[in-house]
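Novice: Coordinates for the following, if possible.
(one chain, ligands or ions: 1)
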Amino acid sequence: MKDFRGRVVVITGAAGGIGRATAGAFGGRGAALALADVERDGLARAEEELRGAGRRVLARVVDVSRAEEMERFANEVWGLFGRVDVLVNNAGIALNGFLEDMELADWRRILDVNVWGVIHGCHYFYPRMTRQAGGGHVVNVASMAALGPLPASTAYCATKSAVLGLSEALRIEAARHGVGVSTVCPGVVATGIGRSLKMVSGAPGRTTEETRRAIETMMRRHGARPERVAEAIVGAVESGARVVTVGPEAFAVDALRRLNRPIYDAVMTRVLGAMLGGRGSHR
Ligand code: NAI
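Specialist: Numbering: from 1, shown residues only. Below you'll find the predicted structure:
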């Protein structure tokens, strides 16, 4: 797919960060947009700005973890536009810290949003995409956490690995319907995710809130701009790429893990040691 004029693009988590930038990237190429997010104000702002730029926009407050809300959203999108050319399952949340500090509720929430959100997107949109003339494309936003394990990130890695596995398997079966599937795996991106990040463990001598703020600051200073990921998402649809990494960290994680897993593990153990200030424990 190269020409997006008049195409219909669905994006979840579109109120801010990568999702908002992706709406701008497809909108700038002439696509109509169907946007979902839980964040009402940011979504309203995005809708107004994109309408102001002359785009056709349907924006709905939708929690991707709730099947009934995603079903209603999908029905509205089909009712209004009659087709979906590109589905971007982008909404996600982050959680950092050690497994021993997690509650089961933490596991449930991150799986609900990051995995069930993508499942709901695929379940309610993809089957109809397979039946429409001209096929379509699904982009699932995973992370470098799907390409190699990261310290203090078991839950996030588990969810993003699930998204990668789902996407790669779907890609094989979707091809027979003319539907492409790409997985986009960014490294560190300067978005609002640092603000909403849930920390279950603090760094040594720091509270969980202080640790979260330090990560948020690092992400803001060193992260890639979300527009860069948005362009990678558009590029994945244009080229039909299988997996796309964005940013030097994602490239390094992918390359090193492929090269040698024991060395990769040793590097990540060193990273963890540095995070713990050489104490070997965060307590
Ligand atoms: P963000 O926090 O700026 O944007 C995420 C959006 O998703 C927000 O507008 C939020 O309100 C929405 N959202 C959260 N839960 C939702 C739910 N249950 N239903 C509907 N919408 C919901 O974060 P960012 O960075 O733009 O994240 C987008 C995706 O990129 C996520 O899947 C994230 O895991 C992934 N990612 C982000 C990286 C980063 O460093 N920022 C790196 C790698 C992947």
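
Novice: How is residue 55 assigned, secondary-structure-wise?
Specialist: At residue 55, secondary structure determined by DSSP: H, G, I helix; E, B strand; the rest coil is coil.

Novice: neighbours of it, just the number please.
Specialist: 19 (other C-beta atoms under 10 Å). Where C-beta positions appear, they are placed from N, C-alpha and C, glycine not excepted.

Novice: my guess is it contacts residue 31, does it?
Specialist: Yes. With contacts counted by C-beta atoms under 8 Å, residue 55 reaches residue 31, the gap being 7.5 Å.

Novice: Return the backbone torsion pair for residue 33.
Specialist: For residue 33, the backbone dihedrals (degrees, to the nearest 10) come out as phi -130, psi 140.

Novice: Report how many residues lie close to it.
Specialist: For residue 33, the count of nearby residues is 26 (other C-beta under 10 Å).

Novice: got a list of what it touches?
Specialist: By C-beta atoms under 8 Å, 6 or more residues apart in numbering, residue 33 lies in contact with 8-11, 14, 23, 26-27, 50, 55-58.

Novice: Inside helices: which ones of those residues?
Specialist: 23, 26, 27, 50 (DSSP state H).

Novice: Could you confirm whether the longest strand along the chain reaches the ligand?
Specialist: With secondary structure taken from DSSP state E, the chain has its longest strand at strand 179-186. Yes. Judged by C-beta under 6 Å from any ligand atom, strand 179-186 and the ligand are in contact via residue 186.

Novice: Tell me the gap between whatever helix or strand comes next after that strand and the middle of its chain.
Specialist: Downstream of strand 179-186, the next assigned helix or strand under DSSP states H and E is helix 193-196. When distances are taken as C-alpha atoms, centre = their mean, to the nearest Å, helix 193-196 is centred 13 Å away from the chain's centroid.

Novice: Just confirm yes or no for helix 193-196 near the ligand.
Specialist: Yes. Against the ligand, helix 193-196 shows contacts by C-beta under 6 Å from any ligand atom at 193, 196.

Novice: List the contacts of that helix.
Specialist: 17, 92, 93, 94, 212, 215, 216, 217, 218, 219, 220.
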